[in-house]
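J.: With the input below, show me the fold.
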Amino acid sequence: MSQLVVIACGGTGGHLSPGIALAERLRAGGGEVLLLASRKKVDARLLEKYPHLPFERAPGAALVASPAGLLRFAWNLAAAVLFAARLVARRRPAVLVGFGGFMTLAPALVCRLAGIPVVLHEANRVPGKAVRALSKIASRTWLPAGAEIAGLPAERAGRAGFPTRSEFAPAARDAARRALGFPEAGRLLLVVGGSQGARPLNDWLLANLDALLRGGTHVLGVLGGGAEGVERADATNGAQAKLIPFCDRMADALNAADLVVSRAGAGAVAECAACGAPAVLVPFPQAADNHQEANARHAAAAGGAVVVAQGDPRRLTAEVERLIGDDAALAAMRAGMLRLREECPWEHFADGVAALAARRR
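T.: Numbering: from 1, shown residues only. Prediction:
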């Protein structure tokens with residue numbers, strides 16, 4: 001029987017990125033993988049960096065509580081079930097790994113009916129609806145330290161952190177600055193709202209950009225799809241700003257930055273932790289089950305972050321001004337982020353998937 005591991009991810013960077021990290025580790029160990037990505041542009045853009053990884057674009061849509069949204073979800077779910085059934089018949093995978101969201105639902109149901117083990121990974125500290133529902137049929141569900149799913153038997157639960165791609169690791173700041181085209185001297189603030197951007201963070205950045213430059217702070221803003229690229233410099237002190245719609249060198253951006261302003265998705269927090277990047281986290285208040293708030297509070301408890309509410313831009317400005325020039329505070333936060341990285345490793349999760357696939361020979 002095939003040892004193929006199918007990895008259902010995509011739809012957001014927070015689902016696709018850990019799928020890529022898992023695929024790379026499994027391939028490094030000699031395993032065969034296939035990524036299931038969504039048909040969104042964000043997936044296509046990220047996967048362009050990984051031409052060595054095989055993937056297929058699968059149908060799917062998130063559940064939206066409106067008549068049109070429900071109809072679209074039902075139509076895409078039917079298409080996704082048909083797609084998954086054909087894939088299973090054609091490739092007969094040994095294991096399916098799902099990272100939650102709408103991309104996991106149909107493949108997990110089809111594989112369970114076909115007798116193929118389903119393994120789930122939840123990155124957020126409050127498990128999402130898809131993972132909570134599918135954990136009832138999964139062979140194993142991996143959760144962050146401290147997260148729980150009611151009714152999940154202990155023997156089918158594991159503990160693992162967020163799989164981060166190999167480039168996310170501490171690296172020399174000066175080299176990262178050069179790679180991004182920023183001067184090595186001076187402070188650099190990175191503002192990023194996730195793979196699809198965040199309007200409140202973009203608005204805050206645009207409102208404060210001139211003041212940041214006048215104060216001598218370089219700025220890299222990742223604004224999300226559809227934004228116009230902007231470059232600006234202060235003629236007096238040489239501080240530079242680059243506002244871009246998408247960054248395909250996020251590891252360099254995190255290592256170049258003295259401070260990060262970011263949303264608090266599991267991927268954003270994990271990548272900051274992997275690089276030891278101090279952060280001011282602004283949770284998205286409409287996130288399902290307020291999971292970004294839980295992620296942010298956990299990072300703050302570890303000492304790596306400060307949490308600011310989306311509706312408090314004045315405090316955001318005050319925290320950035322306070323921290324950007326405070327070497328001692330930034331060093332303490334950097335150490336806190338690195339502690340967070342060590343708190344819940346993920347490599348044993350990948351090894352467990354590989355072992356399960358090997359038993360399916």
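J.: Skip the chain neighbours and tell me the closest residue to residue 212.
T.: For residue 212, ignoring the flanking residues on the chain, the nearest one in space by Cβ to Cβ, 6 or more residues apart in numbering is residue 219 at 5.4 Å. Just so you know, the C-beta spots here come from the backbone N, C-alpha and C atoms, and that holds for glycine as well.
J.: any idea how far the one you found is from residue 304?
T.: For residue 219, the distance to residue 304 (Cβ to Cβ, to the nearest Å) stands at 21 Å.
J.: Comparing the two, which residue is more hemmed in?
T.: residue 304 (26 against 23; other Cβ atoms under 10 Å).
J.: Could you tell me the per-residue confidence at the more buried one?
T.: We have a pLDDT of 97 for residue 304.
J.: dump the residue contacts of it.
T.: 272, 273, 278, 279, 333, 334, 335, 336, 337, 338, 339, 340 (Cβ atoms under 8 Å, 6 or more residues apart in numbering).
J.: between those, which has the most around it?
T.: Ranking the contacts of residue 304 using other Cβ under 10 Å puts residue 279 first, with 31 neighbours.
J.: pretty sure that one contacts residue 258?
T.: No: between residue 279 and residue 258 there is no contact under Cβ atoms under 8 Å: 11.0 Å.
J.: returning to what we had before: part of a helix, is the residue nearest to residue 212?
T.: No: assigned with DSSP: H, G, I helix; E, B strand; the rest coil, residue 219 falls outside any helix and is strand.
J.: just the strands in the stretch 201-350 of the chain please.
T.: 217-222, 230-233, 240-244, 259-262, 279-281, 305-307 (DSSP state E, counting those that start in this stretch).
J.: hang on, the earlier thing: and of the contacts of residue 304, the nearest to residue 41?
T.: Closest approach to residue 41 among the contacts of residue 304 (Cβ to Cβ): residue 272, at 24.5 Å.
J.: could you pull out the helices for the stretch 51-200 of the chain?
T.: 67-91, 102-113, 129-134, 173-180, 199-214 (DSSP state H, counting those that start in this stretch).
J.: How about the stretch 251-361 of the chain?
T.: So, for the stretch 251-361 of the chain - with DSSP H, counting those that start in this stretch - the helices run 266-275, 291-301, 313-324, 327-343, 347-359.
J.: how far is the shortest one from where the chain is centred?
T.: Counting by Cα atoms, centre = their mean, to the nearest Å, helix 266-275 is centred 8 Å from the centre of its parent chain.
J.: Same check on stretch 295-310?
T.: Distance, centroid of stretch 295-310 to centroid of chain: 16 Å (Cα atoms, centre = their mean).
J.: Now do the buried residues in that stretch.
T.: 295-300, 302-308, 310 (16 or more other Cβ atoms under 10 Å).
J.: Same question for stretch 352-361.
T.: Quick answer for stretch 352-361 (16+ other Cβ under 10 Å): 352, 353, 354, 356, 357, 360.
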